[in-house]
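> attaching a predicted model along with its sequence, questions to come.
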Amino acid sequence: MAVASQTIEQRFNWRPLLLTCLAISVGQLSIGLVFPSLPWIAQDFSISIDQTQLLISVYLLGFGPSQFIYGPVSDSIGRRKVLLFALILAFTGLTVLVTFSSSFTGLVIGRFIQGMGTGCCAVLARASTRDSYSGEQLPVALAYVTMVASFSPIFAPFIGGFINHAYGWLAIFIILMCYVSFVWLMLYFYFEETMKERKPLPKIRESLIKYKELLSSAYFISFGTIGWLNFTLVTVCISLMPFLMQVQIGMTSDEYAMWALIPAVGFLLGSFSVSLLRSKIGLRNIFLISPAIQLLSAVWFMLIPLNPLLLMLGQFLMIFGNGIAFPCAQAQLMLPYKDNAGMVAALAGGGQMIFAAVFSFILLKLGVHEIWQLGLVTGCFAVIITMNILRGFRSVVAA
């Protein structure tokens, strides 16, 4: 067993995985780094929390639908060309944002273009991972990709808080410009095409039919929407926390950044728990632990007073549950779809971003500005996630 395990480890090619993780981090850091600066953007432009949330929602609305295009196109002409083109588009959006940073409208337009570009990162990272790995290596590789995709926006507020405190909110977007340039250069010189068998460029009607088939699949909907619901929870929570901690409690950006490390550790522990317990109790059982922990965090949020330690402990529990749910859902979702990896990754990732953009904006617009309200939303989502897990494992993928 030890020899076989060592052989698998030696044969594992880390290069495509590291490059795809680097690519996917672009899209996720573009979300998380911005959260700590929202109260200060609101202050500089004399606007409300709901209006600053538009910088997140419009980014996700650019990020999400663009994946429906990147997925099928990359299945036809390859991952590399599409990825390099899209990152140039993301850089263009950031250039617009920085150039017209004196106008809130300029920020919104730049964020939308940036989102349209970075939408490629999530879908092509998952699709190229599906191209590059198979067998026992595939769940391992997808788990790493999902961990980076999910952990980046949670850990990023820690970095973003310090940047905002030291240099102001505009510096965050300038640093993102530099990071996109760095990733583009790395991919240009080191990323090799992973799509070995090209397909004809699908017609719009054919693509819509395939997307409809996926949306009618109980298997896809069950495991796909788990990611959508969990990402929406993360988006609402880390949109709300800076205002609770910095505006209501009175923290500075760097103080909030330190507190933001607590939920980030929760995600790492959740992901580690999957690796530790999967072989012992099975994927289904470890999966079901996630909504149970989130339900506990929901009760916690509804009972606690406005205290920074108690707030972060509640968020720790919720993100710990996310850390379990994300890698389980993504690995299970992509497993049976080798022939349409790009399209499946596009619909899963695009749906996740659209769902999070719409619902997070609606929830905040409806007045989810208090911690007990976040607890109520978390509890509802936990119940739905439980039902989806049970239904997903009972479902069969059509041949």
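Perfect, I can see it now.
> distance of Ala149 from Asn230?
Separation of Ala149 from Asn230 (Cβ to Cβ, to the nearest Å) stands at 11 Å. Quick note: C-beta positions are derived from backbone N, CA and C, even for glycine.
> where do the helices of the stretch 1-150 of the chain begin and end?
Ranges of helices in the stretch 1-150 of the chain, per DSSP state H, counting those that start in this stretch, are 2-11, 14-32, 38-45, 49-52, 54-77, 79-99, 104-132, 137-167.
> overlap in contacts of Ala149 and Asn230?
Here Ala149 and Asn230 share the contacting residues Phe326, scored by Cβ atoms under 8 Å, 6 or more residues apart in numbering.
> returning to what we had before: need the winner for burial among the helices of the stretch 1-150 of the chain.
helix 104-132 (a mean of 25; mean count of other Cβ atoms under 10 Å).
> quick one: it to helix 137-167, angle?
Relative orientation of helix 104-132 with respect to helix 137-167: 160 degrees, computed using axes from the mean of the first three to the mean of the last three Cα atoms, to 10 degrees.
> what helices or strands is helix 104-132 leaning on?
Judged by 3 or more Cβ pairs under 8 Å, 6 or more residues apart in numbering; DSSP states H and E, helix 104-132 is in contact with helix 14-32, helix 38-45, helix 54-77, helix 79-99, helix 137-167, helix 308-334, helix 341-365.
> and the helices of the stretch 1-150 of the chain as JSON lines, adding distance to Tyr188 and mean pLDDT?
Below are the helices of the stretch 1-150 of the chain laid out as JSON lines (distance: least, Cβ to Cβ, whole Å; pLDDT from 0 to 100):
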{"stretch": "helix 2-11", "distance to Tyr188": "27", "mean pLDDT": "51"}
{"stretch": "helix 14-32", "distance to Tyr188": "11", "mean pLDDT": "88"}
{"stretch": "helix 38-45", "distance to Tyr188": "33", "mean pLDDT": "91"}
{"stretch": "helix 49-52", "distance to Tyr188": "35", "mean pLDDT": "81"}
{"stretch": "helix 54-77", "distance to Tyr188": "16", "mean pLDDT": "86"}
{"stretch": "helix 79-99", "distance to Tyr188": "6", "mean pLDDT": "95"}
{"stretch": "helix 104-132", "distance to Tyr188": "14", "mean pLDDT": "89"}
{"stretch": "helix 137-167", "distance to Tyr188": "20", "mean pLDDT": "82"}
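> turn the ones you listed into JSON lines, columns for distance to Lys203.
Output for these, formatted as JSON lines (distance: least, Cβ to Cβ, whole Å):
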{"stretch": "helix 2-11", "distance to Lys203": "39"}
{"stretch": "helix 14-32", "distance to Lys203": "28"}
{"stretch": "helix 38-45", "distance to Lys203": "41"}
{"stretch": "helix 49-52", "distance to Lys203": "40"}
{"stretch": "helix 54-77", "distance to Lys203": "10"}
{"stretch": "helix 79-99", "distance to Lys203": "18"}
{"stretch": "helix 104-132", "distance to Lys203": "19"}
{"stretch": "helix 137-167", "distance to Lys203": "29"}
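> of all the ones you listed, which one comes closest to Leu335?
Shortest distance between Leu335 and the helices of the stretch 1-150 of the chain, using Cβ to Cβ, is found for helix 137-167: 7.2 Å.
> which is the next helix or strand following that closest one?
Using DSSP states H and E, the helix or strand that follows helix 137-167 in sequence is helix 169-190.
> so how far is that next one off the chain centroid?
Relative to the mean C-alpha coordinate of its chain, helix 169-190 is positioned 18 Å out (Cα atoms, centre = their mean, to the nearest Å).
> and what of stretch 311-326?
Remark: stretch 311-326 is offset 14 Å from the chain centroid, using Cα atoms, centre = their mean.
> repeat for stretch 284-299
19 Å.
> same deal with stretch 205-216?
With Cα atoms, centre = their mean as the basis, stretch 205-216 stands 23 Å off its chain's centre.
> got it, and stretch 93-100?
23 Å.
> can you tell me what sits against that stretch?
Identification of contacts with stretch 93-100 by Cβ under 8 Å, 6+ apart yields 62, 106-107, 109-117, 170, 173-174, 176-177, 180.
> kindly recompute the last result at 7 Å.
106-107, 109-111, 113-114, 117, 170, 173-174, 176-177, 180 (Cβ atoms under 7 Å, 6 or more residues apart in numbering).
> now swap in stretch 126-134 and tell me
13, 16-17, 20, 71, 74, 79, 141-142, 145, 194-195, 334, 338, 341-342, 345, 349.
> Leu87 and Met186: what is the separation?
10 Å.
> show me what contacts Phe12?
By Cβ under 7 Å, 6+ apart, the residues touching Phe12 are Gln137.
> can you read off the pLDDT for it?
In this model, Phe12 is scored at 79, pLDDT.
> going forward can the numbers begin at 808, since that is how I track them
Understood, numbering begins at 808; the last thing we discussed is Phe819.
> how about it, phi and psi?
When read as degrees, to the nearest 10, the backbone of Phe819 gives phi -70, psi 120.
> distance of the closest residue to Leu867 other than its chain neighbours relative to Gln1137?
Excluding its sequence neighbours, the residue lying closest to Leu867 (Cβ to Cβ, 6 or more residues apart in numbering) is Ala1164, at 3.4 Å. Between Ala1164 and Gln1137 the computed distance is 20 Å (Cβ to Cβ).
> equivalent analysis for Pro872, please.
From Pro872 over to Gln1137 the distance is 20 Å, taken as Cβ to Cβ.
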